[in-house]
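Engineer: Here you go, sequence then predicted model.
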Amino acid sequence: MISSPAKLFLPDIESSKIAERISVQLADLDSPRITHLDLFITEACNLRCEYCFVEGKSTKSMELSTSLAAIDFCIKRLGPENCLELLFFGGEPLLAFDVMRKTIKYCEWLSASLGCKFKF
C-alpha cells in the first residue's frame, strides 16, 4: 500500500501542500452546484439474490468520517435551493445502520446550524 499517493507522482511536493492547492483551486472554480449525494456505505449484504451483479462479495463499510467529509464537501457547493438529497446505498445499507444514523444526526445538526436542507 502506498503511504502517500502524492509522493508516487510528485516526489518533491508534500501531500499536505498538494491537498491545500487542490482545495484552493476547487474553491475558485465556477463549477456546477451539488444537489445529490449517493453514499455507498457498505458492501455487506445479508441476501443471496440470484440476480445480484456483485461477484466476490465483501463486508467492507464506509468509515463515519468519510461520510461526514463527503457531506461537508457537498455543503460547500450546494445549489441555489440550499438542499442536499442523500441516498444511502450499498450491499444492504441497514447493515451499517450506525454510520447511517450518525450521518443523519450530523445532517440534522447542519440543518439547524447553517439553515441548509436535506432529503433522505
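Structural biologist: Thanks, I have it.
Engineer: C-alpha from now on. contacts and neighbour counts both.
Structural biologist: Will do.
Engineer: quick one: residue 46 and residue 90 touch, right?
Structural biologist: No - judged on Cα atoms under 8 Å, residue 46 makes no contact with residue 90 at a distance of 11.5 Å.
Engineer: Of the two, give the one with the bigger neighbour count.
Structural biologist: It is residue 90, of residue 46 and residue 90, that has more neighbours when counted by other Cα atoms under 10 Å, with 19 against 9.
Engineer: Nearest residue to the middle of this structure?
Structural biologist: The centre of the chain sits closest to residue 70, judged by Cα atoms, centre = their mean, with a distance of 3.2 Å.
Engineer: secondary structure element for that one?
Structural biologist: Residue 70 belongs to helix 64-75 when assigned by DSSP states H and E.
Engineer: what helices or strands is that helix leaning on?
Structural biologist: With contacts taken as 3 or more Cα pairs under 8 Å, 6 or more residues apart in numbering; DSSP states H and E, helix 64-75 sits against strand 36-42, helix 97-114.
Engineer: Mean neighbour count and distance to residue 56 added to these, as CSV?
Structural biologist: What follows is these, written out as CSV (neighbours: other Cα atoms under 10 Å; distance: least, Cα to Cα, whole Å):
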stretch, mean neighbour count, distance to residue 56
strand 36-42, 18, 14
helix 97-114, 15, 23
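Engineer: Which of those sits closest to residue 79?
Structural biologist: strand 36-42 (9.7 Å; Cα to Cα).
Engineer: for this structure, which spans come out with low pLDDT?
Structural biologist: The model of the chain has pLDDT under 70 over residues 1-31.
Engineer: redo that, cut-off 80
Structural biologist: 1-32, 48, 52-57 (pLDDT under 80).
Engineer: quick one on the thing from earlier: need the helices and strands packed on helix 64-75 in JSON lines (columns: distance to residue 79).
Structural biologist: Formatted as JSON lines, the helices and strands packed on helix 64-75 follow (distance: least, Cα to Cα, whole Å):
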{"stretch": "strand 36-42", "distance to residue 79": "10"}
{"stretch": "helix 97-114", "distance to residue 79": "14"}
